[in-house]
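> Need coordinates for the following:
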Amino acid sequence: MKSKYILFLAVGVFFTLTISSQEGLPIYTDYLTDNYYLIHPSMAGVANCSKIRLTARQQWFGHENAPKLLTLSGNGRIGESNSGIGGIAFSDKNGYHSQKGAYLSYAHHLMFSRSEVDLNMLSFGLSAGFIQYQLDETSFTLDGFDPEIAGVVQSATNFNLDFGFSYHYLDYYAHATIKNVLNNSGINNDIQITSNLRRYLLSVGGVFGALGSDFSYEPSVMFQYKDGTGESTVDFNAKVYKSMEFGNIWGGLSYRTSLDGAEFRNITDNTINSQKLQLITPILGIDYKDFMFAYNYSYQSNNVRFSSGGFHQLTLGYNFNCRKVRYDCKCPAVN
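The predicted structure follows:
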């Protein structure tokens, strides 16, 4: 029974680390809280307003050293030009491992339509930044001689680039981004995997609503692929917006599944089983004038997992420097 428990625990931890591994800014569902810029640099300055977003994510309440993430991002247009800038800072901690990073972004937006009324825009974006990885060994027990354990805080810093584009046509959009374009020197002595942290992202979606209706609906899909490990996941998302006198209230549901499974041996009957990552995330949000508040909770529905506790996430936002001209579309990421 003890061996079976350890094996199941290892599989559960594997699936958790798949979504929160130390590979730069983790990609959860915070992009759905009106923050596509967090994962696509081409979205810097694309909106009618400049935006600031602060996100806090906590995993497995009640467990010591459980993973947690803080992000702060901001982006906006450069005056009346067709260019935008942005910045992201984050802190990600998972047990004894942690990483901190900061990015600066530049994006340029090309309008193909006669005016901003008929939205037809292609955007290109580039982010450059540094990521510092740390391993805190100060609390490790040194009963014997192990040259790999120094009993200090080990750290390494890498520079990398993200590049991508976005295309908005009326109420539809598509984004494609390559994250961590450059190879790193490698960490944890695993040069083959940790030197190649490239991740490919593709997002598509649209917003629909009847003319004159206070309701609008936004289905979307995001695909991501990790080049170094060959892992891939898909997010299926659906959101609903209700226009109010003070702004909007909205909610949605996201389902993330991996296209790859991990095999494990069931000691009870000595069979080989496999399991794929499955995350279900309900989202609630409100736009009150220039402020935004959102909450989401992610639940891992796999049978084998580290804990039944989920992932709590809060997002606070503020819009400022809004332009008078608004795009004639039901497109919350732009308007």
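> Any stretches of this structure with poor pLDDT?
Along the chain, segments meeting pLDDT under 70 span 1-23, 60-65, 141-151, 185-194, 262-265, 267, 302-309, 325.
> Can you say which helix or strand has the nearest residue in space to Phe208 that is not next to it in sequence in it?
Nearest residue to Phe208 in three dimensions, chain neighbours excluded: Tyr217, at 5.0 Å (Cβ to Cβ, 6 or more residues apart in numbering). Glycine gets a C-beta too; all of them are placed from N, C-alpha and C. Element membership of Tyr217, judged by DSSP states H and E, is strand 215-226.
> Identify all contacting residues around that strand.
Residues outside strand 215-226 that contact it (Cβ atoms under 8 Å, 6 or more residues apart in numbering) are 23, 27, 31, 197-209, 231-243, 252, 330, 332.
> Whichever of those end up buried, select them in ChimeraX.
This is how ChimeraX selects the buried members of the contacts of strand 215-226, with burial counted by 16 or more other Cβ atoms under 10 Å:
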select :23,27,31,197,198,199,201,203,205,206,207,209,231,233,235,237,239,241,243,252,330,332
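> Just the ones of the contacts of strand 215-226 in strands?
199-206, 232-243, 252 (DSSP state E).
> Let me see the ranges of the strands in the protein.
Under DSSP E, the chain gives strands at 50-59, 68-77, 83-94, 97-111, 120-136, 153-169, 172-179, 199-206, 215-226, 232-243, 247-266, 271-288, 291-300, 311-320.
> Against which helices or strands is the longest one packed?
The reference is to strand 247-266. Here strand 247-266 touches helix 2-20, strand 232-243, strand 271-288, going by 3 or more Cβ pairs under 8 Å, 6 or more residues apart in numbering; DSSP states H and E.
> now that strand against strand 311-320, angle please.
Between strand 247-266 and strand 311-320, the angle comes out at 150 degrees (axes from the mean of the first three to the mean of the last three Cα atoms, to 10 degrees).
> Give me the buried positions along strand 247-266.
For strand 247-266, by 16+ other Cβ under 10 Å, it's 248, 250-254, 256, 258, 262, 264.
> And for the first one?
By neighbour count with 16+ other Cβ under 10 Å, strand 50-59 contains the buried residues 50-53, 55, 57-59.
> Report all helices and strands that that strand contacts.
Strand 50-59 packs on strand 68-77, strand 311-320, going by 3+ Cβ pairs under 8 Å, 6+ apart.
> could those strands be laid out in a markdown table, adding mean neighbour count and distance to Leu170?
What follows is the helices and strands packed on strand 50-59, written out as a markdown table (neighbours: other Cβ atoms under 10 Å; distance: least, Cβ to Cβ, whole Å):
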| stretch | mean neighbour count | distance to Leu170 |
| --- | --- | --- |
| strand 68-77 | 20 | 21 |
| strand 311-320 | 18 | 22 |
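> Of all those, which one comes closest to Leu182?
Leu182 lies closest, by Cβ to Cβ, to one member of the helices and strands packed on strand 50-59: strand 68-77, at 21.5 Å.
> Sheet partners, orientation included, of the closest one?
Using DSSP bridges, the strands paired with strand 68-77 are strand 50-59 (antiparallel), strand 83-94 (antiparallel).
> I'd like to know which of the ones you listed is closest to Thr281.
Among the strands paired with strand 68-77, strand 50-59 comes nearest to Thr281, with 11.3 Å by Cβ to Cβ.
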